[in-house]
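Engineer: mind folding the following:
(4 chains)
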There are 4 protein chains.
Amino acid sequence: MEKQGKPHSPWGENDQIGAMNYVTPEMLVRLFQGVKKGRIYDLSQVIQMGAPPIEPFMPPYVMSMWTTAEKTRKLLREHMNAVNEAGVLLERAEMTMHVGTHVDALGHFTIADEMYNGNSAQESIGDLGLERLGIEQAPPIITRAVLLDIATYKGVEHLEGGTVVTPADLEGVVNKQKVSIQPGDAVLLHTGWSKYFMTDNQKYVSTAPGLGEESARWLTAQQVAAIGADNMTVEVVPMEDEHRVFPVHQHLIVEKGVYMIENLRLDDPLKEGVYEFLFILLPVKFKGATASPVRPVAVI
Amino acid sequence: MEKQGKPHSPWGENDQIGAMNYVTPEMLVRLFQGVKKGRIYDLSQVIQMGAPPIEPFMPPYVMSMWTTAEKTRKLLREHMNAVNEAGVLLERAEMTMHVGTHVDALGHFTIADEMYNGNSAQESIGDLGLERLGIEQAPPIITRAVLLDIATYKGVEHLEGGTVVTPADLEGVVNKQKVSIQPGDAVLLHTGWSKYFMTDNQKYVSTAPGLGEESARWLTAQQVAAIGADNMTVEVVPMEDEHRVFPVHQHLIVEKGVYMIENLRLDDPLKEGVYEFLFILLPVKFKGATASPVRPVAVI
Amino acid sequence: MEKQGKPHSPWGENDQIGAMNYVTPEMLVRLFQGVKKGRIYDLSQVIQMGAPPIEPFMPPYVMSMWTTAEKTRKLLREHMNAVNEAGVLLERAEMTMHVGTHVDALGHFTIADEMYNGNSAQESIGDLGLERLGIEQAPPIITRAVLLDIATYKGVEHLEGGTVVTPADLEGVVNKQKVSIQPGDAVLLHTGWSKYFMTDNQKYVSTAPGLGEESARWLTAQQVAAIGADNMTVEVVPMEDEHRVFPVHQHLIVEKGVYMIENLRLDDPLKEGVYEFLFILLPVKFKGATASPVRPVAVI
Amino acid sequence: MEKQGKPHSPWGENDQIGAMNYVTPEMLVRLFQGVKKGRIYDLSQVIQMGAPPIEPFMPPYVMSMWTTAEKTRKLLREHMNAVNEAGVLLERAEMTMHVGTHVDALGHFTIADEMYNGNSAQESIGDLGLERLGIEQAPPIITRAVLLDIATYKGVEHLEGGTVVTPADLEGVVNKQKVSIQPGDAVLLHTGWSKYFMTDNQKYVSTAPGLGEESARWLTAQQVAAIGADNMTVEVVPMEDEHRVFPVHQHLIVEKGVYMIENLRLDDPLKEGVYEFLFILLPVKFKGATASPVRPVAVI
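Structural biologist: Modelled structure (predicted):
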């Protein structure tokens, strides 16, 4: 860990957007102008009750109707003499922002009391949310993405739970797919694990193939802005060293300000051999939240 | 209303995406390639407790911490002998999906028992959400947007609550701004009302300038895909006819399958005289929900 | 079913308290004056996360801290210059009122559109709760209780899931225990099933020993005011006739206005051979709710 | 404060029930046998949406239907071939346990890091609730109560907000009403303030007449078990010394283990001149919660 307790961001002591600083307007112009087909791939899962939680770290997702058509029509008739039979439908949800496909805020993790850029957890966490590094500070994550199909590279439908994706694997896929990783990229890992999302949630969350610490460092050395995967943690579960819990989260978020994107569904571009694209992910600005559910898309 | 109780979408009896059908890949290619500056404008409000609700139609937004760094570090130390002091932060929220800047699902409204495309409310609404026309059916809303600055056209900082935006107003602004409305466009209305968002919520929700029925029809005649505004309802409050409640919602959503976007913050592009742009809004796929909180952006 | 769609209560067309009408002040005086030891037995379970739900009929119970001592002390110091270091602790819970030990409101069940005393479900149920027969209408349930130890009578630690408690069983226990059932009584059934509460919730809720329809009628014929059990449903699961779901709830609540008390913990009085006592259960007046979590006690 | 950081309860270092230790079975026998009329007075308010919160210390109360009769009948017909048209009604609520009439747990408050009986807040508070001193540790609060009608003694319908009830006032009322305060008693204060509960919540919570520090000490010197009032705080708001916030809570809960009961409705016994009675309050055992909503009753 670099400079514990002091600002360590290359982008200044007040920086709250982390590795998205690598993305420049010039890169964006090239990316947008590079869109040739007007084709959009949805990279997200449907969020519904029973969405897989990592217990006890996540509360469940609960949704039900709040107002329904028939009752609001009655209400509007009786209280406002309305004649146009307007049925209004709204729901209520109880949820964490880490439900389904989501992006972590830079305030989602700590190393002891330290958060990204030397912020103190003690001072930054209020009872009702983060006072610094909340998801409302995250910029629109619009950048180039490289989709690395580790599963196919390894010749399997999906890697087994607990399989560590190594730097050699990443290098191998990059070479095989003839892609390059550039500063500011989002790197998206296809492990095949999303097969178990909502089909076997117990399996989906209790283990997962994913990044080890070395691979995480290999990626940050290349100055990526975001790393996503088709599983719950991006990093391998169980961890490589049982006494170091979520070390990849600590490295990516706290030390490097890299955005982690979880529970992606990457099948659609893969089916068509699409490995590089304009990636668009728009975190909703929930003040003080440690993540946002999102619907990222790929555009080519 | 056309063909009550029968499918009425021009895009077929199973259509659930409505007016977004107007947007074609060719349009998208032109739009993306038209990006010249790589500049992104955020069009959304920060969502926080106290976010303005329309009572009694909306439940409040409530957020608090679920796990905090210090307690999870202790838990991981004690239960997993973890040595790396990983502090995990997650929140819980109680909310409706109509909180803050959001897009309505085509299942958000009815005319009597009828929903978009002839769906029956009775049959489509379950206790735990919509079984048809939920927000998970909405596509990524990526299209051209025209931003109409009604307030400036009228020579005011903001229109007064209750002011009906007429077809003549819309036409006047279009001419003044030298823009055109095309099929598939998102039309975004700047009334100046967002000035009161979180500064005077009571005022913000109790009245608002906005569309009347005639203007809504004027816009749908031009085959727009989405209509947004910098207020809570898009349509004028109080309504033009006190016995017709939310008639614009009924026309846009139920009759025309047009997406309504509420609580926008349109100041940033306006400050720079930007009236036409690539508009990107990505509804999160909450199964059966009647809306999604979003973070739309403009790109030029 | 008697007089469907018309008031059928022996206590008048506006009656909302049902079989608690059997309890008179005179009975209460005798009961209170009959207390000889001043001994109180707690008959309730601890309610905590993971409390057994009957899915999909019950939402989960979720609780977490809202304000914590350290943060409120800081807030009070900084915003009010407080010097007395007051740490304030509050929690938030997401729950149904049917969590843990609870009593059902007379509005908890219907037979088709009919509720207790001929009320129409259509007319009595609002989106935000019952407009009639909510738990706030229930009186304090203070009456004589008879505790029937069916398990011991049958010579088992607990009846197996699916075992129907018959009128003959009830009569047998009454005789063996030398007790009598009187109008206005609460009858509490010990089946031994609470052994699985929070120890094997899956088992606890998927089956249960309990009342069949005939036994329910045998009890209501004796004009009991309330029936409770040490399981989730009072009635047997699976039901006797697989095409008649929760018929005992329908009979007791809708037809007879009898209060059902679920998830009791009856071990303490049983250990001391206490079968008759003053029973006190105080439903919290949650307006429009279909139940209340409670902490009933026995006093001797 | 006595013996900060060390157990200070007269009932031992593991005591978690506080001043309810004063109540003995012998006292209970006398009390129960003293019931002459079998008359029950309800001392609680109806809990509903809009229930007054002390912001920002309390989250709002939100309730809506979860399952409704019509939809569950359909579900049971379609999925279980049910023929008996069972409509099942359940609600969901989002709430704090301090809503409406409620009793505080001994873990509700701290003085710096210290909780009742020398417990450390740091060590006793988990993210998901109290690990010690939660409301599930509170016993049934069944004891003698003395109702002191301060308002009438002062010749007013209600004391004004901010009025400190002094020891002299308490003594005066005791004498006037010819009652006595005995060890183990619940003392209930009628200030008339409940007049504003749900009629003017803003007024109800922003100020209140109530106990000052001296009166709190006067009462604990008499070894009372519980103190309740017909307002939100029992203690006066604003406080006597603006830099000492909630000092009465600190004294009663942390130092003395006395149960505080808030938002009582005391009108019914007062109307009939009933000042002494058997008081029954049964806290629901929500594990780790800092309070419980309750429905206390008086019996004579």
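Engineer: what's the helix or strand for the residue most central in space within chain A?
Structural biologist: Residue closest to the mean C-alpha point of chain A, counted by C-alpha atoms, centre = their mean, is A:Ile261 at 1.6 Å. According to DSSP states H and E, A:Ile261 maps onto strand A:259-262.
Engineer: quick one, helices of chain A?
Structural biologist: Per DSSP state H, chain A carries helices over the ranges A:25-33, A:69-80, A:121-124, A:150-153, A:167-177, A:201-206, A:213-220, A:247-249, A:267-271.
Engineer: what's the most buried one of those helices?
Structural biologist: helix A:247-249 (a mean of 23; mean count of other C-beta atoms under 10 Å in any protein chain shown). C-beta coordinates here come from the backbone N, C-alpha and C atoms, glycine included.
Engineer: average model confidence for it?
Structural biologist: Averaging the model's pLDDT scores along helix A:247-249 yields 98.
Engineer: now find how far off-centre it is within its chain.
Structural biologist: 14 Å (C-alpha atoms, centre = their mean, to the nearest Å).
Engineer: cool, and stretch A:107-117?
Structural biologist: So, by C-alpha atoms, centre = their mean, the centroid of stretch A:107-117 is 17 Å from its chain's centroid.
Engineer: can you pull the contacts of the nearest residue to A:Gln137 once chain neighbours are set aside?
Structural biologist: Spatial nearest neighbour of A:Gln137, chain neighbours left out: A:Gln16 (4.2 Å); criterion: C-beta to C-beta, 6 or more residues apart in numbering or on different chains. By C-beta atoms under 8 Å, 6 or more residues apart in numbering or on different chains, the contact list for A:Gln16 reads A:Leu106, A:Tyr116, A:Asn117, A:Arg132, A:Leu133, A:Gln137.
Engineer: what residues does the stretch 1-150 of chain A have near chain C?
Structural biologist: Within the stretch 1-150 of chain A, the positions adjacent to chain C are A:59-60, A:62, A:64-68, A:71-72, A:94, A:126-128 by C-beta under 8 Å from any C-beta of the partner chain.
Engineer: ok, those vs D:Gly50, which is closest?
Structural biologist: Checking those against D:Gly50 by C-beta to C-beta gives A:Trp66 as the nearest, at 15.3 Å.
Engineer: wait, the closest one sits on B:Met95?
Structural biologist: No. If you go by C-beta atoms under 8 Å, A:Trp66 and B:Met95 don't touch, sitting 10.3 Å apart.
Engineer: for the two, list the residues in contact with both.
Structural biologist: Shared contacts of A:Trp66 and B:Met95, defined by C-beta under 8 Å, 6+ apart, comprise A:Arg92, B:Pro59.
Engineer: could you check the pLDDT of A:Val146?
Structural biologist: With respect to pLDDT, A:Val146 has a value of 98.
Engineer: return the set of residues that bridge with it.
Structural biologist: Assessed by DSSP bridges, A:Val146 has beta-bridge partners A:Val187, A:Glu276.
Engineer: where's it relative to A:Leu278, distance?
Structural biologist: 12 Å (C-beta to C-beta, to the nearest Å).
Engineer: which positions in the stretch 151-300 of chain A make contact with chain B?
Structural biologist: A:242-247, A:249-250, A:278, A:280-291, A:293-297, A:299.
Engineer: for ChimeraX, what selects the buried ones among the residues you listed?
Structural biologist: Per 16 or more other C-beta atoms under 10 Å in any protein chain shown, the buried members of these correspond to this ChimeraX selection:
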select /A:244,245,246,247,249,250,278,280,281,282,283,284,285,286,287,288,289,290,291,293,294,295,296,297,299
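Engineer: quick revisit: which two in the contacts of A:Gln16 are spaced the farthest apart?
Structural biologist: Most distant of the contacts of A:Gln16, by C-beta to C-beta, are A:Asn117 and A:Gln137, 10.9 Å apart.
Engineer: any common contacting residues for these two?
Structural biologist: A:Gln16, A:Leu106.
Engineer: give me the pLDDT for the residue of chain A most remote from its centre.
Structural biologist: Taking C-alpha atoms, centre = their mean as the measure, the residue most remote from the mean C-alpha position of chain A is A:Asn81, 47.4 Å away. Confidence at A:Asn81, expressed as pLDDT, is 94.
Engineer: who touches it in this structure?
Structural biologist: Here A:Asn81 is in contact with B:Glu242, B:His243 (C-beta under 8 Å, 6+ apart).
Engineer: next, work out how far apart it and B:Val254 are.
Structural biologist: For A:Asn81, the distance to B:Val254 - C-beta to C-beta - is 21 Å.
Engineer: cool, and A:Pro167?
Structural biologist: 55 Å.
Engineer: got it, and A:Trp66?
Structural biologist: 19 Å.
Engineer: so between those two, which is more surrounded?
Structural biologist: Of the pair A:Trp66 and B:Val254, B:Val254 is the one with more neighbours under other C-beta atoms under 10 Å in any protein chain shown, namely 30 against 26.
Engineer: burial count for the residue nearest to the more buried one when sequence neighbours are not counted?
Structural biologist: Closest residue to B:Val254 apart from its sequence neighbours, by C-beta to C-beta, 6+ apart: B:Ile111 at 5.0 Å. B:Ile111 has 23 neighbours, counted by other C-beta under 10 Å.
Engineer: my read: B:Ile111 touches A:Ala86, true?
Structural biologist: Yes. If you go by C-beta under 8 Å, B:Ile111 and A:Ala86 touch, sitting 7.3 Å apart.
Engineer: isn't A:Asp185 up against A:Ala145?
Structural biologist: Yes. Using C-beta under 8 Å, A:Asp185 is in contact with A:Ala145, at 6.5 Å.
Engineer: flag every buried residue along stretch A:114-128.
Structural biologist: Those buried within stretch A:114-128 under the rule 16+ other C-beta under 10 Å are A:Glu114, A:Met115, A:Tyr116, A:Asn117, A:Gly118, A:Asn119, A:Ala121, A:Ser124, A:Ile125, A:Gly126, A:Asp127, A:Leu128.
Engineer: so does it get close to chain D?
Structural biologist: Yes. Stretch A:114-128 is in contact with chain D by C-beta under 8 Å from any C-beta, via A:Leu128.
Engineer: how far does that stretch sit from its chain's centre?
Structural biologist: 21 Å.
Engineer: that one: end-to-end distance?
Structural biologist: Length of stretch A:114-128, first residue to last, C-alpha to C-alpha, to the nearest Å: 19 Å.
Engineer: same deal with stretch A:36-53?
Structural biologist: End-to-end distance (C-alpha to C-alpha), stretch A:36-53: 38 Å.
Engineer: tell me the mean pLDDT for it?
Structural biologist: Computed over stretch A:36-53, the mean pLDDT rounds to 96.
Engineer: right, is that stretch up against chain D?
Structural biologist: No. Stretch A:36-53 does not reach chain D (C-beta under 8 Å from any C-beta); its nearest approach is 11.4 Å.
Engineer: next, the buried residues of that stretch.
Structural biologist: Neighbour-count burial for stretch A:36-53 [16+ other C-beta under 10 Å]: A:38-49, A:51-53.
Engineer: cool, stretch A:221-234 as well?
Structural biologist: A:Gln223, A:Val224, A:Ala225, A:Ala226, A:Ile227, A:Gly228, A:Ala229, A:Asp230, A:Asn231, A:Met232, A:Thr233, A:Val234.
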